[in-house]
Structures are given as C-alpha cells and as structure tokens.
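In: Sequence unavailable; structure follows:
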C-alpha cells in the first residue's frame, strides 16, 4: 500500500494540478478551453470527460507499451483514444443530452486534444499502469480546474448566471430600470483567451518562489 | 518644432521691457516654458542633440491640438440635445456649451481618475517614475465614445485597456495597440447596445443642473453613417453639417474643421507624421472611389472623410508614434492600409457602420511587420550594392 502512494506517484498526480499544469504552464489544450467555457456546466462536463479519457487511455497505452512497435505508436494511441472518446460521447448523449448538444463537436475533438497525446507520449509510454493512471487523472483535473475558473468568470459576467441560475439581481439590469448590463465580450472566445492569460499571470506570480 | 522656436524668438523682443506688448510677457513666457522645457541641447558644432523634445512635450502638444475638437464636441452635445427637443431657437450659445460641458466632464474625470490611478499604483509597485503616457489617452477616450456611455462601463473599459493593452506590455511606449482604441473596442464589443445603433445612444437625454432638456424615452437618432449602412441616401445638407460637425456622433469626432485645426498644429510642430496622415486619406479615398455604388452604398468617395471617425482617427489615432510604423517608408503603407480597411468595413460589412477603430487596431498589429519588410529591403539593397563593387 505504501508503494501505491509513494512520493513519485503522488507527484505524478499533484504536479499537473499546480506546478506543471497542462494549460497554464505547458499551454496545451487551449483551443477547447476557449470553445466550451462560455458557461460553467459544459466546462465541468468537458473537464470530467477529458479526465476520464486521459486516465483510461494512459492505463491502456501503459499496459500495451512494451508490445507497441515504435514506428506506429501514434496510430495505436489514436485508436485507443478514439475508442474512449466514442464511448464518452455516447454516454453523454444518453445521459446528459442537453450538455452534449452544447458541447457539439468538442467532445469528438478531444481526440486531437494536445494534453492527451502529450501524456501518452511523455508518460504512459515509459511508466507502469498505476502511475500512468494517476498522471492521467492529475492532468485531466488540472485542465478541468482552469476550465472551471474560466467558465465561472465568463458565465457570471457574460450571462449574470451560474449553472443557469441568476446570480446578479434582476433589478440591477437596465431593462428593469437599473444600471447593469451583461458584458457581451465575455461570451466571445477572444475574452476567454484574455482570462486564461490572467490565470497564467496569477499562477506565475504565486509560484514565483517555487521555481 | 523649429518653426515654433523661431516664432517665439520673434515674439520675444516685443514683450520684453519696453516692447510693444509688455503686458503679455508672463503669458508668452509661460507658454514658452510649457513648450520648451526641458531645453538642454548640446552645444552647436559637437554631438547632435539639436532639440531636447521629450515625450512630455510631445504629449502636451497633442493635448493642445485636441482642444478645438473637444470644445466643439461639448458644444455639439448641447446642440444635439436642444435640437432634438426643438428649443434651439430660444437658447443661447452658452446654454448649449455649458450643457455639453456638464455632460462631457464626468467622462473626462472618470477616464483620468481610473487611468492615472492605475498608472500611479503600477509605478509605485514597480518603483518607477510615473509615465506621462496616459495624458493623451485620457483625453482621447472621452472624445471617441458616445455621450450616453454609462460611467461604470467607461471606468471598467479604461481599467481593462490600461492593464491589458498597456501595462502588461511594459507601459508607455511599449504597447502594441493604441490604449484609447482598446477602450473603445472593449466598450463596443462588451456593451454594443450603448455604443452603436440608433437607440438613444448619440444624443444626451437628461437635463443637468437645469441646463438641457429631458427627452422622451422613445427618442432616437442615428448617425449619418448608420443611415448609410442601411442604404439610405445622405442628403447634401447633412454633409455640410458633417463638415462643421453638427451631426450626432461620438463626442469629439464630428467636426472636420475642429480636427483640421488640431491637425495643422500637429503638422506645424512636427509632432505627427504627415506621411501617415496623408496616406490614410489617400487609401480611404481610393477605396471609397472603387466602392462607390457597390451593394447599395450611397456614399461618394469623399463623404467617407467627413462622416464618422475617419478624420479624427487619421489625425490623432493613426499617427500615434508608438503604435504606428516607425520606418519613414513604412508609414505610407501603414496609413494607406488603414484608409483602405476602414472604408472596406464601412461599405462591405453591413453589421458595422464605422470601421476606423477596427482598421487602426488591425494595422497596429501589422506595423512591426511593415517595418520589418522595409528594413529587410534596405538591407538587401545595400548588400547588392556592396557585392557589385
């Protein structure tokens, strides 16, 4: 048991959450961070989907790693990821149809998510299944955290809601005689790039000492 | 600058002890100090610092050259309000001006307080001197927004542009985009309902301290460009009004005459580049001429110069020395493309009646590339010449 949670394994899980975050440090997976974060709910679902897919594809590739011929390893990785993405996509359609409509093609596009290929190439091909699993969970969650932060800011200021529930009082709005207006730019992908930039800025100034 | 120096040298004897206009001595002296301090140049004949112009002096001149447009903008705010209420005949010049002044002043204050506040905090934090860059941006910002922009939105936009467009690039002189235009772009995309269209945007609605008139909620007025974008013809009279500036529009941009006064001062002192300014008009005119009559476009080529923010952008925004192309040859391309893109957006994109802001921001992005090509071409040319020998 102590071996399962050795220092190395813990690091494989916790590093990607903070010091080696896939979005803010490695700047991977930015495209989907821009595309699906205009509201909080799809952002969370997207983050969880990527976490599940990264974790299990890491495990599968790690199990196969000694049998995969080096020259066709990318194709093998893609097949595994594609199979998992299809499963997740079908699950979403069955159990969370509204969200899967909102996410539209971006669930399918998880196949091309740089974080996945990066983890498979950089970690799962060299490590045993259990550390690979932890690494996948860690990276997926590290990605999900950023998506949730961006989604929180964008939905709160872009629509005045969180999870579709009104947060900003209705009486503040101009249409009801108040002074407030929702910020239209928050709904646009351009703004999420700026928010990701701000998150990176904050993250770096907090971690200045650690590096 | 040299011409101005000469002017002062000529005036000086007149105002000295015993001169004709001795009473104006302190006035001339004050203005000279304002324009020419610091004035340390190297001695004639050795190394070459002929004019100690620094960024503070440049900015002072830009602010002075903006004043005609600003004062006219205030008058026009009053004029539009009284004209809409139908009480123009019963009101004096000062009624109109004071109402406009009261309507515009809060925007200037908000812009300066928020912008300079952030600059002070950053300077304190970084242990640097205060940079004077916001002096010009702070006065430009209220001039390029509609009079009904809510103050809280303005404050937010100023904070956004000072932090995101300026400070994170390293402050004054390091920014890629014009901060004043970023402020406008932020407002334009974030709160489109108060920045564009004809719903109570362009004419001040409420009386202030007894000046002005309360207009009914249903009142609406479109800018001539807004009318043109939906395919309406522009009457000749409107064009005349657009030249003097008595049309609805952003506060400082309406009057071509007031902007021309500012442009003359900028060119006379050499603060702004005539190359950029001229080529913006050439580009805009050429594109306007090509697109005459395309897609129901009712504007003649020169109408583009007098309507909307074209003249204002060409004179005060495109010539910003920090964000424009820096090579002399590159300035022609930079200005020309601004004119072309601005008119293209106006005519070909039905969603945006005005394209000057987008054109200048786009070309700000391309200015370093233009400079790169100009420098490379020069290097290649000289290399060829060297090899020939």
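Out: All right, it came through fine. Given the structure is predicted, the values throughout are model-derived calculations rather than measurements.
In: So which bits of chain A are right by chain B?
Out: Contacts of chain A with chain B, taken as C-beta under 8 Å from any C-beta of the partner chain, map to A:179, A:181, A:183, A:184, A:185, A:186, A:188, A:190, A:194, A:201. Bear in mind the C-beta positions are built from the backbone N, C-alpha and C, glycine included.
In: Buried subset of the residues you listed as a PyMOL selection?
Out: Selection command for PyMOL covering only the buried members of those, criterion 16 or more other C-beta atoms under 10 Å in any protein chain shown:
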select buried, chain A and resi 181+183+184+185+186+188
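In: List of residues touching stretch A:155-163?
Out: Around stretch A:155-163, the neighbours that count as contacts under C-beta atoms under 8 Å, 6 or more residues apart in numbering or on different chains are A:38-41, A:152, A:166-168, A:173, A:180, A:182-184, A:186-187, A:191.
In: Give me the distance between the two termini of that stretch.
Out: Counting by C-alpha to C-alpha, to the nearest Å, you get 8 Å between the two ends of stretch A:155-163.
In: anything in stretch B:124-131 near chain A?
Out: No - contact of stretch B:124-131 with chain A is not found when judged by C-beta under 8 Å from any C-beta; the minimum separation is 11.6 Å.
In: Give the buried residues for that stretch.
Out: Judged by neighbour count (16+ other C-beta under 10 Å), stretch B:124-131 contains these buried residues: residue B:131.
In: The residue nearest to residue B:362 when sequence neighbours are not counted: neighbour count?
Out: Nearest non-adjacent residue to residue B:362, counting by C-beta to C-beta, 6 or more residues apart in numbering or on different chains: residue B:341, 5.9 Å away. The burial count assigned to residue B:341 is 22, neighbours taken as other C-beta atoms under 10 Å in any protein chain shown.
In: Residue B:341 in helix, strand or coil?
Out: Three-state assignment for residue B:341 (DSSP: H, G, I helix; E, B strand; the rest coil): helix.
In: now do residue A:28
Out: For residue A:28, the secondary structure call by three-state DSSP comes out as coil.
In: count of residues packed around it?
Out: Close neighbours of residue A:28, defined as other C-beta under 10 Å, add up to 20.
In: which ones are touching it?
Out: Contacts of residue A:28 (C-beta under 8 Å, 6+ apart): A:22, A:113, A:114, A:115, A:118.
In: Restricted to helices, list those.
Out: When DSSP state H is applied, the contacts of residue A:28 are split such that A:114, A:115, A:118 fall in helices.
In: Looks to me like residue B:204 is in a strand.
Out: No - with three-state DSSP as the criterion, residue B:204 is assigned coil and is not in a strand.
In: Surely it and residue B:79 touch.
Out: No - no contact is recorded between residue B:204 and residue B:79 when judged using C-beta atoms under 8 Å, the distance being 10.4 Å.
In: what do these two both touch?
Out: Both residue B:204 and residue B:79 are contacted by residue B:100, under the criterion C-beta under 8 Å, 6+ apart.
In: Would you indicate which residues of the helix or strand of chain A with the lowest mean pLDDT are buried?
Out: Taking mean pLDDT, DSSP states H and E as the measure, the helix or strand of chain A with the lowest value is helix A:7-14, at a mean of 80. For helix A:7-14, burial by neighbour count (16+ other C-beta under 10 Å) applies to A:9, A:11, A:12, A:13.
In: As TSV, the residues of chain A next to chain B with secondary structure and pLDDT would be great.
Out: Written out in TSV, the entries for the residues of chain A next to chain B read as follows (DSSP: H, G, I helix; E, B strand; the rest coil; pLDDT from 0 to 100):
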residue	secondary structure	pLDDT
A:179	coil	78
A:181	coil	82
A:183	coil	84
A:184	helix	82
A:185	helix	85
A:186	helix	86
A:188	coil	86
A:190	helix	85
A:194	helix	90
A:201	helix	89
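In: ok, the residues of chain A next to chain B vs residue B:192, which is closest?
Out: Of all these, residue A:184 has the smallest distance to residue B:192: 5.9 Å, by C-beta to C-beta.
In: If you tally nearby residues, what's the number for the spatially closest residue to that closest one that is not a sequence neighbour?
Out: Across the structure, with C-beta to C-beta, 6+ apart as the measure, the residue nearest residue A:184 apart from its sequence neighbours is residue B:190 (5.2 Å). The local packing count at residue B:190 equals 24, with neighbours defined by other C-beta under 10 Å.
In: residue contacts, residue B:190?
Out: Taking C-beta under 8 Å, 6+ apart, we find residue B:190 in contact with A:183, A:184, A:185, A:186, B:153, B:157.
In: Could you tell me which residues within whichever strand or helix holds residue B:153 count as buried?
Out: Element membership of residue B:153 [criterion: DSSP states H and E] is helix B:151-160. Buried positions in helix B:151-160, judged by neighbour count with 16+ other C-beta under 10 Å: B:153, B:154, B:155, B:156, B:157, B:158, B:159, B:160.
In: which residues touch the residue of chain A found nearest chain B?
Out: Chain B sits closest to residue A:185 of chain A, with a gap of 4.1 Å, by C-beta to the nearest C-beta. With contact taken as C-beta under 8 Å, 6+ apart, residue A:185 is in contact with A:191, B:186, B:189, B:190.
In: Report the separation between the spatially most central residue of chain B and residue A:143.
Out: Among the residues of chain B, residue B:316 comes closest to the average C-alpha position under C-alpha atoms, centre = their mean, at 3.5 Å. As judged by C-beta to C-beta, to the nearest Å, residue B:316 and residue A:143 stand 45 Å apart.
In: which intervals of the stretch 51-200 of chain B have sub-threshold pLDDT?
Out: With pLDDT under 70 as the threshold, the stretch 51-200 of chain B has low-confidence stretches at B:51-53, B:197-200.
In: for residue B:323, helix, strand, or coil?
Out: Using three-state DSSP, the three-state assignment for residue B:323 comes out as coil.
In: Let me know the helix or strand that the nearest residue to it once chain neighbours are set aside is in.
Out: Counting by C-beta to C-beta, 6+ apart, residue B:364 is the residue found nearest to residue B:323 once chain neighbours are left out, at 4.5 Å. Per DSSP H and E: residue B:364 is located in helix B:356-388.
In: Next: residue B:96.
Out: Element membership of residue B:96 [criterion: DSSP H and E] is helix B:93-126.
In: Tell me the span between the first and last residue of stretch A:107-123.
Out: Stretch A:107-123 has its terminal residues 23 Å apart, counting by C-alpha to C-alpha.
In: ah, wrong one, I meant stretch B:287-301
Out: This stretch, stretch B:287-301, spans 8 Å end to end (C-alpha to C-alpha).
In: Now find how far off-centre that stretch is within its chain.
Out: With C-alpha atoms, centre = their mean, to the nearest Å as the basis, the distance from the averaged C-alpha position of stretch B:287-301 to the chain average is 25 Å.
In: now swap in stretch B:126-135 and tell me
Out: 21 Å.
In: cool, stretch B:353-363 as well?
Out: What separates the centre of stretch B:353-363 from the centre of its chain is 13 Å, taken as C-alpha atoms, centre = their mean.
In: Give me the contact list for it.
Out: The contact list for stretch B:353-363 (C-beta under 8 Å, 6+ apart) reads B:144, B:177-178, B:181-182, B:184-185, B:188, B:196, B:223, B:225-226, B:228-229, B:308-310, B:312-313, B:317-318, B:334, B:337-346, B:349, B:352.
In: Pull out the buried residues from the residues you listed.
Out: Using 16+ other C-beta under 10 Å as the burial test, the contacts of stretch B:353-363 include B:144, B:177-178, B:181-182, B:184-185, B:188, B:196, B:223, B:225-226, B:228-229, B:308-310, B:312-313, B:317-318, B:334, B:337-346 as buried.
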